[in-house]
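In: Coordinates only, no sequence provided:
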């Protein structure tokens, strides 16, 4: 719906354009300046690029504070996100040229590696933000999580009622279906798989049990129960997928944020060492 | 009897008894004539144990008889005692049938053939002797014995289905008392609010409805009465309500013939006879006070009884209302005395023609007077506001463009679009730049609605002018009232319920509709489904194509919310167009543009989006949140930002609310054109600010009416959570509550559960926090017209 503008397209791709120009400018400066001893971080252009990169890194990490501040003002967080993404990507160019392609087993290259890890995790974040929202909507097909959870507890109550009209073996299956959990461990959560869903297992077992019934009324109740099991399994699967999509949109932050903190620490060390011990 | 009394008082209600008591205290020779065998028959007939209110609260009482809010029995007791103590000369069972003679020597004849002579007559017979009834010709079955017009004792009924018709004080009190006596009660209210009743009764009925003690059918009217049921027309369609008994409390009318015989004169359209500022009727020496003079409130009646006796003995006291008005009139240049100012106000404005001076003065107590120097603005374009302005002195200008300026003369009114349609001010109105400044009377929304509800003249003036202005806006501002008079005279206002069709595709119809309030969708049958082509907001026309091109209706127009529309006659409209080629050109152009628009969006997906959005309330919205789910990362920062900017209570529920495709409309306020929440707020705490935001002010009492009335669940009652630590201490040291989180509010005497709702972040720089806080651009907040335009552009 075009009434909305994505953070990627904010103000007609303002930050994409600005970052593009910035990269171009940096490349030109790097190419034009050929000092004796080769291009590296210790030249004037090198210091310039390093300083610029450090400032951008600090400003980018400020987003974490900014978005939680909810301060009044004309700027939107969408604009900040947009700048965050494009300026963050431009760091690849800026920092690489700052290094002058000199890498080694030292704290300086560690800072570079950490920065690249942050950027790559961020890039995955952008990918996740573009991909999963739509999948979440399709998965929920117009319903809310709270609504589905309500329906699920209604189903549990209906299953309990139905089990009273059926042999005890059905009640056992109802008990099993009650164990249906959403989420779970890290990988379980991320996969969103419903492969061993208790509700689905209960449905399959109850189907077999239903075949053995002879009483017409009981058969009717069993049919109703099977429908409830199926619905429950369906809802559980949807909720699990929903959680996994949500997790995919969150999980990269577990790399992105700690790596950012590590990066800032290493960057401080890098700057300190360069100026005092080099 | 050969003596001639100084004063004969007819009727012993609050007005008559108060007058008699004053006369007795002053030692005047007097007689109080009462039709029945007890004092104050109207109050006597109140249901047993009824608690009688003493409104208006701020009006002091000036009478020799005691009166304050209490039970019917106590009040009647006070008056019996008071009259006995003052030695009032009462004649019971004396129904006056005629008044003959003139000032100084009147002869009053009673039904029993007695005569009484008096120099002056005070007519205080009230209205209750002449109750308004359902008309069996219009409502079949109204005379089948199920319907009554009075309720003596609610305990006469038990475990019965009772339907009470009316929204006034009597209807409310009867309905609540019947419900308390274990009956199943439905109260039928013709409008959507209880505007005519006293504020105490309004809260009474609203809390009864809220507690499900009884049911209320709003916007409902009786269609017919059956054997044990009544059929109502409601916005949802016809509805049959079981009824062992129907009690219709439709108010009362003045006994016109008798009053005219006594010398009272009814002005055209007026319900009560004309009296001057000292309550004297057109017949000198005959004074009319109380409900018959248009004053139904007991306190007014008693004050008037006191005043009128002083007037008769030549020792006038100034009325308390007039003292208040004098303060208000101070802003008017050249103000000298209240009486001549009131006359001037009435003479200047057609809107006030149906009111007596006394009604007018009561009404003006709610109004504000503004004086503006030439060029100063009374209202500004695009401000929200629902008050009505009447030009009392001078004239005003409405600058449309640099060159084009409209003038409204003295007596005209403006601001009615805001009142009727709930739209923002459509123009800036300034005091005439060439004049000496202008005085306008600003009438607040509730008072203006009361005026329209109680004065047929005001309603007519208002309706006609509104239609005229809508025609001028739509067609051409150059059209005059004369050009359109025939069309306007034949125009009819019609109401449509949610989902009802104004126009059906394929019909032969030949009428044009101006939508006055609410909004519609235009749809067309394509294949097997109805495809929505357009959204039509209030203030626009529909139905012009069939009319212009003599075809059958090419599309269906359906109300998305309850709609009020003015139906214009097709033939008259065409003859107008034939006379005015310029006009024809304008209408042709509008029709062409619309047709082109319609062709543009036969896109199914787009049509369904518009239909979906209209169906979830965007049709009546002025500003709503719409989330694009394909951008929403479900971070809930919108909700958190809302809570952080509003005392820790979010007024938005992101996850809840309807969704279609990628469009999600979360639970949050739509700032409706005609806010449902405003309809029944006892302290009038729901207000609209100049930005259009509907907000709750500090007078909220937490009754919850607004929350129940909101069809979108956008208002919740909540206490405030305790304050928490700042962002940095949370970031650095951790804390129980991060951004957007808060402890559970504990309600207490100081921290009450009050209505909390979106206020569009009024006063917050940058606008709604939910929109600003969204990291991906998924949240937008705007009105339906802008939204639909943007959606269409993107298609």
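Out: Perfect, thanks for sending it. Small disclaimer: the values here were computed from a predicted structure and weren't measured.

In: Can you name the residues in contact with stretch B:463-472?
Out: Here stretch B:463-472 makes contact (C-beta atoms under 8 Å, 6 or more residues apart in numbering or on different chains) with B:412-413, B:416-417, B:420, B:479, B:481, B:484, B:487-488, B:491, B:493, B:514, B:516, B:539, B:566. To be clear about C-beta, it is placed using only N, CA and C from the backbone, and glycine gets the same treatment.

In: One more pass at 10 Å, please.
Out: Outside stretch B:463-472, the residues that touch it by C-beta atoms under 10 Å, 6 or more residues apart in numbering or on different chains are B:350-351, B:406, B:412-414, B:416-417, B:419-421, B:426, B:452, B:477-481, B:483-485, B:487-489, B:491-493, B:512, B:514-516, B:538-541, B:566, B:568, B:573, B:576, B:583.

In: check which helix or strand covers residue B:533.
Out: For residue B:533, the host element (DSSP states H and E) is strand B:529-536.

In: can you pull the contacts of the residue nearest to the spatial centre of chain B?
Out: The centroid of chain B falls nearest to residue B:449 when counting by C-alpha atoms, centre = their mean (3.2 Å). Neighbouring residues of residue B:449 by C-beta under 10 Å, 6+ apart: B:191, B:193, B:195, B:196, B:386, B:388, B:419, B:420, B:443.

In: now the end-to-end length of stretch B:704-713.
Out: Across stretch B:704-713, the terminal residues are separated by 12 Å (C-alpha to C-alpha, to the nearest Å).

In: Would you mind checking the average pLDDT for it?
Out: For stretch B:704-713, mean pLDDT is 85.

In: for stretch B:620-640, same thing?
Out: If you average the pLDDT over stretch B:620-640, you get 93.

In: Is that stretch in proximity to chain A?
Out: Yes: interface with chain A: stretch B:620-640 contributes B:626, B:627, B:628, B:629, B:630, B:631, B:632, B:633, B:634, B:635, B:637, B:640 (C-beta under 10 Å from any C-beta of the partner chain).

In: contacting residues for residue A:77?
Out: Counting by C-beta under 10 Å, 6+ apart, residue A:77 makes contact with A:7, A:63, A:66-70, A:84, B:637, B:641, B:771-777.

In: Just the buried ones out of the residues you listed, please.
Out: By neighbour count, with 16 or more other C-beta atoms under 10 Å in any protein chain shown, these hold A:7, A:63, A:67-70, A:84, B:637, B:641, B:771-777 as buried.

In: Remind me what whichever strand or helix holds residue B:729 packs against, helices and strands.
Out: Assigned by DSSP H and E, residue B:729 belongs to helix B:727-733. With contacts taken as 3 or more C-beta pairs under 10 Å, 6 or more residues apart in numbering or on different chains; DSSP states H and E, helix B:727-733 sits against helix A:63-69.

In: looking at this, residue B:430 is in a strand?
Out: Yes: per DSSP: H, G, I helix; E, B strand; the rest coil, residue B:430 lies within a strand segment.

In: so where does the closest residue to residue B:577 other than its chain neighbours fall, helix or strand?
Out: Among residues not flanking residue B:577 along the chain, residue B:584 sits closest, at 4.5 Å (C-beta to C-beta, 6 or more residues apart in numbering or on different chains). Per DSSP H and E, residue B:584 falls inside helix B:581-600.

In: helices and strands around that helix, which ones?
Out: Partner elements for helix B:581-600 (3+ C-beta pairs under 10 Å, 6+ apart): helix B:456-474, strand B:520-526, strand B:529-536, strand B:541-542, helix B:544-549, helix B:570-579.

In: Next, the angle from the strand holding residue B:533 to strand B:520-526.
Out: Angle, strand B:529-536 to strand B:520-526, by axes from the mean of the first three to the mean of the last three C-alpha atoms, to 10 degrees: 150 degrees.
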